[in-house]
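> The amino acid sequence is not available; the structure is as follows:
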C-alpha cells in the first residue's frame, strides 16, 4: 500500500487536469466536437482518481487484516462546516450526504452550530474521510460561489450586477449588498443615522454616502448597470420576478445537486466489480463508532399512552421550480471539480455566465 499523501497528490493532479479540460470545453466558440472530447477526457480523469482511492482502500483492508487486532486501523471522526442558515442550506447538506456515501463514510448533519454556521460529523477510515474532504470542500466552494455570491470590490458595478443578478438576486437585494438599507420606521431603523426620510418619499432607502433615495431610483441604478453589462457581452437580459429570487436560487441548487448525484453514480458504475464487497468488512467497525457517538439515534422510543392524542401529519410543501434556473444550475455542476484540486480560492462566475 502506498503512502496516503502520495495517492492524494495524484488524485489532486488528475482532478485539476479534469477541471482545466472542462473549463476549456466551456469557453465560448469552442467547436462542439472538441468540447465533447475534452469533457470525455475530463470524466476519464475523475474516474481514474476515484479508482486510485478505491485501490488504496482495498490495499488498506488487506494490510489491516495481517496486523494484530490492537494495531489495526480504526475509523475516525471529522467535523466539517456545512454553512450558515440560508435558503439553500438543505441542498448543501443533501450534496454532502451523497458525497459521504460515495466515499464510503457515514454522516450526521447539524451536530453543532458556531459563528461559521452548522457543522456535520463524518465517520470513516482515514483515506475515505480525506477523499470526502477534498471532494466536498472544493465542490461546496464551486456551488456557493454562484448561488450565494457577494459583491467583489475588484469588479465594476456592471460586472457585479451581471454576476449577482444571474445568480438570482433582484435589483434591491443587490443594492442592499452595496450598503443600502430600507427604512421600516424609526423603531426598526434606529436613530443612529441621525436623520429620517422625506415624508413624501415612497419606500425610502438609506446609504451612508448617498443619503435617502426612493427604492425605484436605487433599484434602477443596478438594473441599468446590468443591462449595460449584457449589452457589452452581446447577451439578452435575464428576467427574474421581484418575488422569485429565492425560488430561482433554490431551483438552481436543486439542478446543481441533482447533476452532482448523477455524476457520482456514473463514477461508481466504473468501479471494479466486487470492490465494494471487499470493503464491506470495515462496515462493522464504522457502524460501531457511529452508534457509540450517537446513542440518541438508537434509543428505544417511549411508548405513548393509549389515550394520547394522535399526532398530526406533517404538511408537505411543494416547491415551485424555475426551469431555467434548474437548467443553469445543472449545467454549472458539470464543471464542478469532484475529488478536489489545487485551486481552492476565488469565486466562480454567475450561473450561466
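Nice, I can see it. None of these values were measured; they are calculated from a predicted model.
> quick one: buried residues of stretch 238-254?
Within stretch 238-254, the residues that count as buried by 16 or more other Cβ atoms under 10 Å are 238, 240, 244, 245, 247, 248, 249, 250, 251, 252, 253, 254. C-beta coordinates here come from the backbone N, C-alpha and C atoms, glycine included.
> Also stretch 205-225?
Buried residues in stretch 205-225, counted by 16+ other Cβ under 10 Å: 205, 206, 212, 213, 214, 215, 218, 219, 221, 222, 223, 225.
> right, and the helix or strand after whichever helix or strand the first one is part of?
Okay, so that is residue 205. Taking DSSP states H and E as the definition, one finds residue 205 inside strand 204-207. Note on strand 204-207: by DSSP H and E, the next helix or strand toward the C-terminus is strand 211-214.
> strands paired with that next one, and their directions?
Using DSSP bridges, the strands paired with strand 211-214 are strand 204-207 (antiparallel).
> Identify all contacting residues around the strand it pairs with.
The set of residues external to strand 204-207 that reach it, using Cβ atoms under 8 Å, 6 or more residues apart in numbering, is 172, 175, 178-183, 189, 193, 195, 197-198, 212-215, 218.
> Stretch 22-38 too?
Stretch 22-38 is touched from outside by 21, 39, 42, 334, 335, with contacts defined as Cβ under 8 Å, 6+ apart.
> average pLDDT for that stretch?
Mean per-residue pLDDT for stretch 22-38: 75.
> What residues sit buried inside it?
In terms of neighbour count (16+ other Cβ under 10 Å), stretch 22-38 has its buried residues at 22, 25, 35, 38.
> Helix or strand: which one has the third one?
The one in question is residue 35. Using DSSP H and E, the secondary-structure element containing residue 35 is helix 32-65.
> Centre of the chain to that helix, how far?
Once both centres are worked out by Cα atoms, centre = their mean, to the nearest Å, helix 32-65 turns out to sit 22 Å from its chain's centre.
> what's downstream of that helix, the next helix or strand?
Once the chain leaves helix 32-65, the next helix or strand it forms, by DSSP H and E, is strand 76-83.
> Sheet-wise, list the partners of that following strand with their directions.
Strand pairing for strand 76-83, determined by DSSP bridges: strand 117-124 (antiparallel).
> what's the next secondary structure element after the strand it pairs with?
Beyond strand 117-124 in the direction of the C-terminus, DSSP H and E gives the next helix or strand as helix 126-147.
> what's the angle from that following helix to strand 76-83?
Helix 126-147 and strand 76-83 are oriented at 0 degrees to each other (axes from the mean of the first three to the mean of the last three Cα atoms, to 10 degrees).
> got the angle between the helix holding residue 35 and strand 117-124?
Inter-element angle recorded for helix 32-65 and strand 117-124: 60 degrees (by the same axes, to 10 degrees).
> Counting neighbours, which bits of helix 32-65 end up buried?
So helix 32-65, judged by 16+ other Cβ under 10 Å, has buried residues 35, 38-39, 42-43, 45-54, 56-58, 60-61, 64.
> Which secondary structure element is home to residue 330?
Assigned by DSSP H and E, residue 330 belongs to helix 323-333.
> Report the contact partners of residue 224.
Residue 224 makes contact with no residue under the criterion Cβ under 8 Å, 6+ apart.
> for it, helix, strand, or coil?
Under the three-state scheme (DSSP: H, G, I helix; E, B strand; the rest coil), residue 224 adopts helix.
> Start at 732, not 1
Yep, numbering from 732; the last one is residue 955 now.
> Local confidence estimate at it?
The score at residue 955 is 97. That number is its pLDDT.
> So it versus residue 1018, what's the distance?
As defined by Cβ to Cβ, to the nearest Å, residue 955 lies at a distance of 59 Å from residue 1018.
> same question, residue 854
9 Å.
> try residue 895
Remark: distance between residue 895 and residue 1018 (Cβ to Cβ) = 45 Å.
> Show me which of those two is the more surrounded one.
Here residue 895 and residue 1018 are compared on neighbour count by other Cβ atoms under 10 Å; more neighbours surround residue 895, at 24 against 13.
> Next up, the contacts around the closest residue to that one other than its chain neighbours.
Spatially, and ignoring its direct neighbours in sequence, residue 895 is nearest to residue 905 (4.9 Å; Cβ to Cβ, 6 or more residues apart in numbering). Contacts here follow Cβ under 8 Å, 6+ apart; on that basis residue 905 touches 882, 891, 892, 895, 896, 953.
> Kindly report the same for residue 968.
With contacts defined as Cβ under 8 Å, 6+ apart, the neighbours of residue 968 are 957, 958, 961.
> So what's the residue count around the first one?
It stands for residue 957. Counted with other Cβ under 10 Å, residues neighbouring residue 957 total 24.
> Out of the contacts of residue 905, which is nearest to residue 836?
Proximity of the contacts of residue 905 to residue 836 (Cβ to Cβ) peaks at residue 895, which lies at 34.7 Å.
> For the helix or strand encompassing the closest one, name the packing helices and strands.
In this structure, residue 895 sits in helix 888-896 according to DSSP H and E. If you count contacts as 3 or more Cβ pairs under 8 Å, 6 or more residues apart in numbering; DSSP states H and E, helix 888-896 packs onto helix 902-908, helix 946-964.
> can you list those helices in TSV and add distance to residue 815?
Compiled in TSV, these are given as follows (distance: least, Cβ to Cβ, whole Å):
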stretch	distance to residue 815
helix 902-908	15
helix 946-964	24
